[in-house]
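Undergrad: Below are the sequence and a predicted model for it; my questions follow.
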Amino acid sequence: MPQVKIGILGLQGAISEHIEATSKALKELGVDGEAIVVKRPSQLEEVEGLIVPGGESTVIGRLASLGGLFEKIRMAAQAGMPILGTCAGMIFLAKEVYDAKIGKTDQPTLGLMDIRVVRNVFGRQRESFEVDLEIPFLGEKPYRAVFIRAPAVDKLLSSQVEVLAKYEDKIVAVKQGNMLATAFHPELTDDLRLHKKFIELACQK
């Protein structure tokens, strides 16, 4: 595999955790590369893939708009750059966003994935939980997923979206082209398979 740089969108959320998980995954794969924090539009030109971490989706959207990153990320994705969105990152990638209590939101999103996402489907912070998921995309071994104020996909808006995992009949992981999105937090587990899959996608870019 060639040298690769994976960017972690550094506006808000679980940035350091993704840096650590990505760095470990690169090492275990034997890939010559590094994980870097991306805060400026120009830094997107340095990376082969971008991870949008969990956090507050409305805050991430607003900061990306203010910082000029919004269109730059969209253009990079449309040009084929792999993107992984986790929890709030899934919301940020979606074409449509609803809230479990207030209905349709007007928050800024990239609109890159043909999915409708509902925020806070599994409850608030105190309802956080862990569960073993069957994710064939990652292999036969169950994946221990951490859900914190998690969203879920309640509708696929095109046939281009592949469902990777469900929990209680709710869609919690999807793939569309070079984009991956999960409702859970892969950076909060020692299981690096999702980060490794994403790195492999970036290496093929």
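TA: On my side now, so go ahead. Residues are numbered from 1 along each chain as shown.

Undergrad: List the pairing partners of the lowest-mean-pLDDT helix or strand in the chain within its sheet, with orientation.
TA: Sorting the helices and strands of the chain by mean pLDDT, DSSP states H and E puts strand 103-104 at the bottom, at a mean of 76. Taking DSSP bridges as the criterion, strand 103-104 forms sheet pairs with strand 94-99 (antiparallel).

Undergrad: low-scoring pLDDT stretches of the chain, where are they?
TA: For the chain, the stretches with pLDDT under 70 are 1-2, 125.

Undergrad: Show me what the lengthiest helix in it is packed against.
TA: Under DSSP state H, the helix in the chain containing the largest number of residues is helix 15-29. Helix 15-29 makes packing contacts with strand 4-9, strand 33-38, helix 193-203 when contacts are defined by 3 or more C-beta pairs under 8 Å, 6 or more residues apart in numbering; DSSP states H and E. Using the backbone N, CA and C atoms, a C-beta is placed for each residue, glycine as well.

Undergrad: Format the CA atom coordinates belonging to the very next helix or strand once past the second one as CSV.
TA: Okay, so that is strand 33-38. Using DSSP states H and E, the helix or strand that follows strand 33-38 towards the C-terminus is strand 49-52. C-alpha atoms of strand 49-52 as CSV (Å, rounded to 0.1, in the frame of the first residue of the first chain):
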residue,chain,number,x,y,z
GLY,A,49,-9.6,10.3,3.3
LEU,A,50,-11.6,12.3,5.8
ILE,A,51,-13.2,11.2,9.1
VAL,A,52,-16.0,13.3,10.5
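
Undergrad: contact partners of strand 49-52?
TA: Contact with strand 49-52 is made by 4, 6-9, 18, 22, 38, 44, 60, 73, 76, 81-86, 88-89, 92-93, 198-199, 201-202, 205, as judged by C-beta atoms under 8 Å, 6 or more residues apart in numbering.

Undergrad: What angle do strand 4-9 and the helix or strand just after it make with each other?
TA: Once strand 49-52 ends, the next helix or strand along the chain (criterion: DSSP H and E) is helix 57-66. Here helix 57-66 runs at an angle of 110 degrees relative to strand 4-9 (axes from the mean of the first three to the mean of the last three C-alpha atoms, to 10 degrees).

Undergrad: what are the bridge partners for the residue most central in space within the chain, then?
TA: The residue lying closest to the centre of the chain (C-alpha atoms, centre = their mean) is residue 85, at 1.2 Å. Counting by DSSP bridges, residue 85 is bridged to residue 52, residue 181.

Undergrad: which residues touch it?
TA: Residue 85 neighbours (C-beta under 8 Å, 6+ apart): 51, 52, 91, 92, 93, 113, 179, 180, 181, 182.

Undergrad: same check, this time on residue 122
TA: With C-beta under 8 Å, 6+ apart, residue 122 has these contacts: 129, 147, 149, 150, 152.

Undergrad: Can you tell me the SS state at it?
TA: Put simply, residue 122 is coil when judged by DSSP: H, G, I helix; E, B strand; the rest coil.

Undergrad: How much space separates it from residue 152?
TA: Distance of residue 122 to residue 152, computed by C-beta to C-beta, to the nearest Å: 7 Å.
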